[in-house]
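Undergrad: Got a sequence here, can you model it:
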Amino acid sequence: MRIAIIGQQAFGASVLEAFLGRGDEVAGVFCAPEKPGARPDPLRAAATDRGLKVFQFPSLKGEDAAAAMRDLNVDLGVMAYVLQFVPQPFVNIPRHGTIQFHPSLLPAFRGPSSINWPIIKGETVTGVTIFRPTDGLDEGPVVLQKATPIQPHDTLGTLYFDRLFPLGVAAMLEAADAVVAGRHKETIQDEGAASYEGWCRDPEAEINWHAHLDAVYNLVRGCNPSPGAWTTVQGRKVRILDARKHSARRFADVSGNPGTVSRIGSESVDVTVQGGRLELLKVRPDGGAKSSAAEFVASVGIVVGSPLA
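TA: Residues are numbered from 1 along each chain as shown. Sure, this is the predicted structure:
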């Protein structure tokens, strides 16, 4: 088939390589313009290396973007990790319209941080959705979905790179084939089951040491590696990267007030939390390097009984 890809980042580049690798024709690639001083966008770089037409319009709403898409004369538009708003006149230009990737099981977890939030909220299943883009955010009819479990110790990084990323690339190929062949089914999303979550950024990543152990642990792993769950130590913001939870089975398993250090080992540090203790393994102070939690607390004079916030 002859396609146009709209997207960016490593996922967009992998989708490009997957279509080219099986012999499809990529007529052109639409990428958001790179900011001055930013690293080269992986999709733009891959397309340039392949000698493909690359378009970097500041907005896809204008006639210049629409004219570029019409001139490509493609069977299908493929949206692979798109942050720009893409209007209906643009997505309807390809002969078979356009399909879009989203890393959740829509209509659940619409929005820009749809990988973080299922982990943070303690969900046990997530997945990828290929759908028809509309002017509503992640609201279009579903073409295809693939589910995957969220393991108890999954982080944002492991869930995305180990499962959602490859699952998403494969799903885009499968959905494209079905749409162009006219053998797909489009399912309207159930608005009664819909949920929207905004960005997971620094304000959302602050640890509340008085929350239950499960909530604190899910926040840490749902923000690992980005944005990094954080607390303040002696007025300095410190990211908690890797951690393990230890649930209390009896009263004697809990020592100290929530948010206080209860044990300092050779590599890790335990912090008391409602329902047990959180073992901190790797931390990174803002402006500093990643280190073991034990190395960090020793460097700032934290002792057993010290509060972390």
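Undergrad: where exactly do the strands run in the stretch 101-250 of the chain?
TA: Along the stretch 101-250 of the chain, counting by DSSP state E, counting those that start in this stretch, strands occupy 125-131, 142-149, 229-233, 236-247.
Undergrad: for those strands, which one ends up most surrounded?
TA: strand 125-131 (a mean of 23; mean count of other CB atoms under 10 Å). Heads up, the C-betas are built off the backbone N, CA and C, glycines and all.
Undergrad: Check which helices and strands that one is in contact with.
TA: strand 98-102, strand 142-149, helix 165-181 (3 or more CB pairs under 8 Å, 6 or more residues apart in numbering; DSSP states H and E).
Undergrad: right, and those - which one's nearest residue 196?
TA: strand 98-102 (12.1 Å; CB to CB).
Undergrad: Quick check: closest non-adjacent residue to residue 139.
TA: residue 189 (6.2 Å; CB to CB, 6 or more residues apart in numbering).
Undergrad: Which per-residue confidence value corresponds to the one you found?
TA: pLDDT, residue 189: 98.
Undergrad: In contact with it, which residues?
TA: 106-107, 131, 139-142 (CB atoms under 8 Å, 6 or more residues apart in numbering).
Undergrad: from those residues, which would you call buried?
TA: 106-107, 131, 139-140, 142 (16 or more other CB atoms under 10 Å).
Undergrad: give me the number of residues near residue 308?
TA: 22 (other CB atoms under 10 Å).
Undergrad: one step back: including distance to residue 16 and mean pLDDT, could the strands of the stretch 101-250 of the chain go into JSON lines?
TA: Listed next are the strands of the stretch 101-250 of the chain as JSON lines, based on distance: least, CB to CB, whole Å; pLDDT from 0 to 100:
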{"stretch": "strand 125-131", "distance to residue 16": "16", "mean pLDDT": "98"}
{"stretch": "strand 142-149", "distance to residue 16": "19", "mean pLDDT": "98"}
{"stretch": "strand 229-233", "distance to residue 16": "33", "mean pLDDT": "96"}
{"stretch": "strand 236-247", "distance to residue 16": "31", "mean pLDDT": "95"}
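Undergrad: Reformat those strands into TSV and put distance to residue 295 next to each item.
TA: Shown next, in TSV, are these (distance: least, CB to CB, whole Å):
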stretch	distance to residue 295
strand 125-131	34
strand 142-149	34
strand 229-233	13
strand 236-247	12
